[in-house]
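Novice: quick one: sequence and predicted model below, then my questions.
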Amino acid sequence: MKFCSQCGHSVSQHIPQGDSRLRYVCDHCQVIHYQNPNIVAGCVATWGTQVLLCRRAIEPRKGYWTLPAGFMENGETVEQAAQRETREEACAEVVNLSIYTLIDVPHINQVHIFYRAQMLNPHYAAGEESLDVRLFDEADIPWSELAFRTVSRTLECFFADRPNQVYPVRSEAVAPLAGLAKPQQ
Ligand code: ZN
């Protein structure tokens, strides 16, 4: 950050009184510009036994497959964000959303939250941010071509839980390099 979004003057980094972190503080109006993690919301959308995946048309990870997901917007709930992203990326309507995985990605300041959801009907298509959208059987999931570890982790959990039809909520964290850290639930 270089300039204050309130007044347009320059900002510099200080630790404000009573705080413990460096923050961008306006040199003119003194506003403190806090920066916090972004929430990414998405769905494991199913039709029968099949799972809906989107092939990304945009960077990062263009050409790789993902669960429909994206950044939450102001003024919506996480569940609404997951539904909206599924509509935008896969042109699919989902119902009966149940929260499923909450995966912290602290090294990029994100939290990824996936819901299990049922497609309302078998209609889907590639939205603007997708090259292709398809329903996959478990045996056909393109594991080596998945875009993000939060996606592969969510799908691993889903297919591990599905035989029992019990889907405990998973709270995990993804580490920068050495695979997955699994804190206590
Ligand atoms: Zn300012």
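Specialist: Happy to help now that I have it.
Novice: which residue ranges make up the domains of the protein?
Specialist: Per automatic domain parsing, the structural domains of the chain span 1-35, 38-173.
Novice: so of those, which one's packed in deepest?
Specialist: With neighbours taken as mean count of other Cβ atoms under 10 Å, those reach their highest mean count in domain 38-173, at a mean of 17. (C-beta placed from N, C-alpha, C; glycine too.)
Novice: can you give me the end-to-end span of that domain?
Specialist: 15 Å (Cα to Cα, to the nearest Å).
Novice: from the chain's centroid, how far away is that domain?
Specialist: Distance, stretch centre to chain centre, for domain 38-173: 8 Å (Cα atoms, centre = their mean, to the nearest Å).
Novice: so for that domain, mean pLDDT?
Specialist: Average pLDDT, domain 38-173: 98.
Novice: find the centremost residue of the chain, please.
Specialist: Residue closest to the mean C-alpha point of the chain, counted by Cα atoms, centre = their mean, is V40 at 3.0 Å.
Novice: quick one: contacts of whichever strand or helix holds that one?
Specialist: Take DSSP states H and E as the rule and V40 turns out to sit in strand 38-47. Contacts with strand 38-47, where a contact means Cβ atoms under 8 Å, 6 or more residues apart in numbering, come from 51-52, 66-72, 78-79, 81-83, 85-86, 90, 92, 94, 97, 100, 109-119, 122, 135, 150-151, 154-155, 158.
Novice: ok, stretch 109-121 next?
Specialist: 35-47, 52, 67, 69, 78-79, 82-83, 86, 92-105, 148, 150, 154, 158, 167.
Novice: per-residue confidence at the residue of the chain most remote from its centre?
Specialist: Distance from the C-alpha centroid of the chain, by Cα atoms, centre = their mean, peaks at H28 (36.2 Å). You'll see H28 listed with a pLDDT of 97.
Novice: which ones are touching it?
Specialist: Applying Cβ under 8 Å, 6+ apart, the residues near H28 are 4, 7, 9-10.
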